[in-house]
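>>> Provided below are the primary sequence and the corresponding predicted coordinates.
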Amino acid sequence: MLIFTVASRDYSGGVRRGVILLFPALVIGVVGGLLTIAAHQGDAAFLFNQENPRTAQPRQFETVIAKTKEPLPTGPGLPATGAHCVPGTQGAKRNPWRCTVRYGSGRKITYQLRVASDGTFKGADKEGSRVVTGCCITGGRTPSG
């Protein structure tokens, strides 16, 4: 027959005081976090602005353009490895945009792009020989009504 014994530990007063001080701070932090989250869930204006930005954002273009493949005369080439886009100054869509795309081949191509009111975009390189098109750039919408 095996018998296990557990040595009882006597925690010093310092450890108990530390736990007593830490517990209320932890409770206050959790409650504060929950209140902050709850405050934004019912904020219709906050949610609308998150889902419908007032202006088109560079990150939107960079995400869409970075999913393309290099346009070559023989067909699509290697995929893009990254993109950097700079907005223009015209309207909420911030036309014209300049996006420099790095491709797997090592080439960098700079496109000048324009976003239509429906979110579609079209652009070309400086010579006009490479054309890119796409959709779904949000931002610049004006609320109806």
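Structure's in. What do you need? Every value quoted in this text rests on a predicted model; they were computed, and no experiment measured them.
>>> Okay, strands next: where are they in this structure?
Counting by DSSP state E, one finds strands in the chain at the ranges 69-72, 75-86, 97-103, 108-115, 121-125, 131-134.
>>> Out of the ones you listed, which is closest to Thr36?
Nearest to Thr36, of all the strands of the chain, is strand 75-86, at 32.5 Å by Cβ to Cβ. For the C-beta atoms, the positions are set from N, CA and C on the backbone; glycine is no exception.
>>> just the angle between that closest one and strand 97-103, please?
With axes from the mean of the first three to the mean of the last three Cα atoms, to 10 degrees applied, the angle from strand 75-86 to strand 97-103 works out at 130 degrees.
>>> Against which helices or strands is strand 75-86 packed?
helix 58-65, strand 69-72, strand 97-103 (3 or more Cβ pairs under 8 Å, 6 or more residues apart in numbering; DSSP states H and E).
>>> Would you convert these into a markdown table that also reports distance to Thr89 and mean neighbour count?
Listed next are the helices and strands packed on strand 75-86 as a markdown table, based on distance: least, Cβ to Cβ, whole Å; neighbours: other Cβ atoms under 10 Å:
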| stretch | distance to Thr89 | mean neighbour count |
| --- | --- | --- |
| helix 58-65 | 13 | 18 |
| strand 69-72 | 27 | 15 |
| strand 97-103 | 11 | 19 |
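>>> quick one: pLDDT of the residue nearest the centre of the chain?
Residue closest to the mean C-alpha point of the chain, counted by Cα atoms, centre = their mean, is Arg59 at 6.8 Å. Looking at Arg59, its pLDDT is 86.
>>> Over to Thr55?
Listed pLDDT for Thr55 reads 72.
>>> Surely it touches Ala92?
Yes. Counting by Cβ atoms under 8 Å, Thr55 does reach Ala92; the two are 5.3 Å apart.
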